[in-house]
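Peer 1: Attaching a predicted model along with its sequence, questions to come.
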Amino acid sequence: MRRRDNQRTDKRRRQRLRQDGQAIERKVTNQATTHRIRDTWRIVFRVFLIWVVVFVAFSLAYWITNWFYHRLGREPGPYWTHMTMVGVAIALILLTGFIMARFAVPRQQAFWQSLTDAIRQMAKGDFNVRIDVGQMGGPGEFRQLVNSLNNMAQELAQVEQMRQEFISNVSHEIQSPLTAILGFVEALKSEAVTPENRQHYLNVIETESKRMSRLSENLLKLTSLESGAHPFHSESFRLDRQIRDVVLTLEPLWLKKGIEIELSLKTTNVFADKDLLNQVWMNLLTNAIKFTERGGAIFISLGPEEGWTAVYVRDTGMGIRAEEQQRVFERFYKADKARQRTESGSGLGLTIVKKIIDLHQGEIRVESQYGSGTTFIVRLPRLS
């Protein structure tokens, strides 16, 4: 029943996403059409303006020519009259163009100068620059160029912020175990330390050292996955057997907490990277064991689902608040703040899981109600 409800929820969510995508596509199409119509009318207006300028210039040239020869008291032939009128008209048109350029050129120069300055600032690492789109009227290509540069600056600013947050989080995660290790090393220097306390201090140092080692391994793996340099070897294998093997590997952990494991695994073959998917199930099951109370239960199911191969990992832990569910796959994010100091997680496990699933063109999501447990749903392309 729960799976059917999840399927109906997935179907409604996909329909909503499809409708939102269609609405966005219609909006973009309408905006493009509006820009084309606006540019067309701008061209028509400019052609009309040029025609008006030429008409006015030749009209003025006609009156100026007549006035000039009347003042001289001469009546030249039609040839010289027309040539004089054309010369005066051309002079008036050039004068009008010069006057208009005197007003337009400084604005264009200011626009290009601001564009150049913005690019130079971005080249120096300042991504908080924005160019005023209304600073220069003109064809849609100019507005498109400015909007593209503004969007690029905004995305680079977000990347820079993520980089700074990443460095800050790494520094914090490394500093915490280092502080603990240094503190206990200082304590071990004391001759008054009892053998029991000495052993306790050594155990803490060992635990914190392993934590730093895991953090380093996870960082290296995440960097390798994101760079695309990590080896990816796809092969056909039994996914149900792999999940059973992972459950058996982690048996000491769930037996220690008295957790009951229930499996519902249908015989399933997949074509994927075996080692990477093994990392996925290790991380998800370790997470479930970590946040399930003693005497709780973990349910793992595997089977086909709407053209996908779906794996459900559900625990009976405290669950995740709704506002935190969208962030559980972020680097170093830990939803359970109260356990950050007692648990040894680095906050990279689910980030690695998400990256591995993305590499397999799959999807992963979390469903949870705070106080009622958490379900992680992994969907992989089904082997034909």
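Peer 2: That came through fine.

Peer 1: So residue 271 versus residue 237, what's the distance?
Peer 2: Applying C-beta to C-beta, to the nearest Å, one obtains 8 Å for the distance of residue 271 from residue 237. Yep, even glycine has a C-beta here, placed from its N, CA and C like the rest.

Peer 1: list the residues that contact both of these two?
Peer 2: Listed as contacting both residue 271 and residue 237 by C-beta atoms under 8 Å, 6 or more residues apart in numbering is no residue at all.

Peer 1: Start from the N-terminal end of the stretch 151-300 of the chain and give the strands.
Peer 2: Per DSSP state E, counting those that start in this stretch, the stretch 151-300 of the chain has strands spanning 234-238, 260-265, 269-273, 297-305. These are given in chain order.

Peer 1: need those in JSON lines with distance to residue 226 and mean neighbour count, can you?
Peer 2: JSON lines is the format used below for the strands of the stretch 151-300 of the chain (distance: least, C-beta to C-beta, whole Å; neighbours: other C-beta atoms under 10 Å):
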{"stretch": "strand 234-238", "distance to residue 226": "19", "mean neighbour count": "13"}
{"stretch": "strand 260-265", "distance to residue 226": "31", "mean neighbour count": "14"}
{"stretch": "strand 269-273", "distance to residue 226": "16", "mean neighbour count": "19"}
{"stretch": "strand 297-305", "distance to residue 226": "28", "mean neighbour count": "19"}
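
Peer 1: Just send these back as TSV, with mean pLDDT and distance to residue 195 too.
Peer 2: Shown next, in TSV, are the strands of the stretch 151-300 of the chain (pLDDT from 0 to 100; distance: least, C-beta to C-beta, whole Å):
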stretch	mean pLDDT	distance to residue 195
strand 234-238	91	50
strand 260-265	93	39
strand 269-273	91	48
strand 297-305	92	39
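
Peer 1: can you list those in TSV and add distance to residue 216?
Peer 2: As requested, the strands of the stretch 151-300 of the chain are arranged in TSV below (distance: least, C-beta to C-beta, whole Å):
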stretch	distance to residue 216
strand 234-238	28
strand 260-265	30
strand 269-273	22
strand 297-305	29
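
Peer 1: and residue 44, which of those is closest to it?
Peer 2: For the strands of the stretch 151-300 of the chain, the distance to residue 44 is smallest for strand 297-305, at 56.7 Å, taking C-beta to C-beta.

Peer 1: where does the stretch 201-350 of the chain dip in pLDDT?
Peer 2: Residues of the stretch 201-350 of the chain that meet the criterion pLDDT under 70 lie in 218, 228-229, 332-346.

Peer 1: Kindly recompute the last result at 80.
Peer 2: 210-232, 323, 325-327, 330-348 (pLDDT under 80).

Peer 1: what about stretch 36-52, average pLDDT?
Peer 2: Average pLDDT, stretch 36-52: 78.

Peer 1: For residue 125, which of the strands of the stretch 151-300 of the chain is the nearest?
Peer 2: Proximity to residue 125, assessed across the strands of the stretch 151-300 of the chain by C-beta to C-beta, is greatest for strand 269-273 (36.7 Å).

Peer 1: What strands flank that closest one, and is each parallel or antiparallel?
Peer 2: Its sheet considered, strand 269-273 pairs with strand 234-238 (antiparallel) by DSSP bridges.

Peer 1: what's the spacing between the strand it pairs with and its chain's center?
Peer 2: Taking the mean of its C-alpha atoms, strand 234-238 sits 31 Å from the chain's own mean (C-alpha atoms, centre = their mean, to the nearest Å).

Peer 1: Stretch 190-197 now?
Peer 2: 52 Å.

Peer 1: hang on, the earlier thing: between the strands of the stretch 151-300 of the chain, which gets nearest to residue 128?
Peer 2: Closest to residue 128 of the strands of the stretch 151-300 of the chain is strand 269-273 (C-beta to C-beta; 40.2 Å).

Peer 1: Would you mind getting the angle between that closest one and strand 297-305?
Peer 2: On the basis of axes from the mean of the first three to the mean of the last three C-alpha atoms, to 10 degrees, strand 269-273 is oriented at 100 degrees to strand 297-305.

Peer 1: Which elements pack onto the helix or strand encompassing residue 80?
Peer 2: Assigned by DSSP states H and E, residue 80 falls within helix 78-123. When contacts are defined as 3 or more C-beta pairs under 8 Å, 6 or more residues apart in numbering; DSSP states H and E, helix 78-123 packs onto helix 2-72, helix 140-188.

Peer 1: relative to helix 78-123, how tilted is the shortest one?
Peer 2: Right, helix 140-188. Using the same axes, to 10 degrees: helix 140-188 against helix 78-123 is 10 degrees.

Peer 1: I'd like to know which elements helix 140-188 is packed against.
Peer 2: Packing partners of helix 140-188 (3+ C-beta pairs under 8 Å, 6+ apart): helix 2-72, helix 78-123, helix 195-227.

Peer 1: possible to save these as TSV with mean neighbour count?
Peer 2: Output for those, formatted as TSV (neighbours: other C-beta atoms under 10 Å):
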stretch	mean neighbour count
helix 2-72	12
helix 78-123	13
helix 195-227	14
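
Peer 1: Relative to residue 267, which of those is closest?
Peer 2: helix 2-72 (17.7 Å).

Peer 1: The helices and strands packed on helix 140-188: which one's closest to residue 242?
Peer 2: Here helix 195-227 is closest among the helices and strands packed on helix 140-188 (C-beta to C-beta), at 18.5 Å.
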